[in-house]
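S.K.: Here is a sequence with its predicted model. Questions after.
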Amino acid sequence: MVTTDGNRGVMNAVDRRYPVSKRQRCWAHIMGNLATKIPKRFQEQCLAQAKTIYRQQSAGGAIRAFRCWSRNWTYVVPKAVAFLEEHLESLVVFY
């Protein structure tokens, strides 16, 4: 398993060198990117709840936590929810 920040050049190099490796997106980078999609007044609460996703004990638990988080935030910060949903599959590889 290789953890990357999503940089295309790094991902292409990993594909060439380790073609059968699993790829995990970096939660720290994702959370930083997620914060840019959330108005300041909601950031603290929204990000704190988003952290519960990767603190789960299993991929299934993380996906359930994401669904709960998305229900709470989809009408408030739809772009943030869509962003995390787009990357969710690559964020639960480490389980």
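M.R.: Ah, there it is.

S.K.: dump the residue contacts of K22.
M.R.: Contacts for K22 (CB atoms under 8 Å, 6 or more residues apart in numbering) come out as 1-2, 93. C-betas here are computed from N, CA, C, even on glycine.

S.K.: let's see 7 Å
M.R.: Applying CB atoms under 7 Å, 6 or more residues apart in numbering to K22 gives the contacts 1, 93.

S.K.: Local confidence estimate at T52?
M.R.: Model confidence at T52, given as pLDDT, is 97.

S.K.: That one: which element?
M.R.: Per DSSP states H and E, T52 falls inside helix 40-54.

S.K.: which strands and helices sit next to that helix?
M.R.: If you count contacts as 3 or more CB pairs under 7 Å, 6 or more residues apart in numbering; DSSP states H and E, helix 40-54 packs onto helix 27-35, helix 59-73.

S.K.: In a markdown table, list the ones you listed along with mean pLDDT.
M.R.: Converted to a markdown table, the helices and strands packed on helix 40-54 look like this (pLDDT from 0 to 100):
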| stretch | mean pLDDT |
| --- | --- |
| helix 27-35 | 96 |
| helix 59-73 | 97 |
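
S.K.: Of those, which is nearest F83?
M.R.: helix 27-35 (6.2 Å; CB to CB).

S.K.: Using CSV, write out the CA atom coordinates for that closest one.
M.R.: Provided in CSV are the C-alpha atoms of helix 27-35 (Å, rounded to 0.1, in the frame of the first residue of the first chain):
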residue,chain,number,x,y,z
TRP,A,27,-6.3,12.0,5.1
ALA,A,28,-4.3,15.0,6.2
HIS,A,29,-4.2,16.4,2.7
ILE,A,30,-7.9,15.6,2.1
MET,A,31,-8.9,17.4,5.3
GLY,A,32,-6.9,20.4,4.3
ASN,A,33,-8.6,20.5,0.9
LEU,A,34,-11.9,19.8,2.5
ALA,A,35,-11.5,22.9,4.8
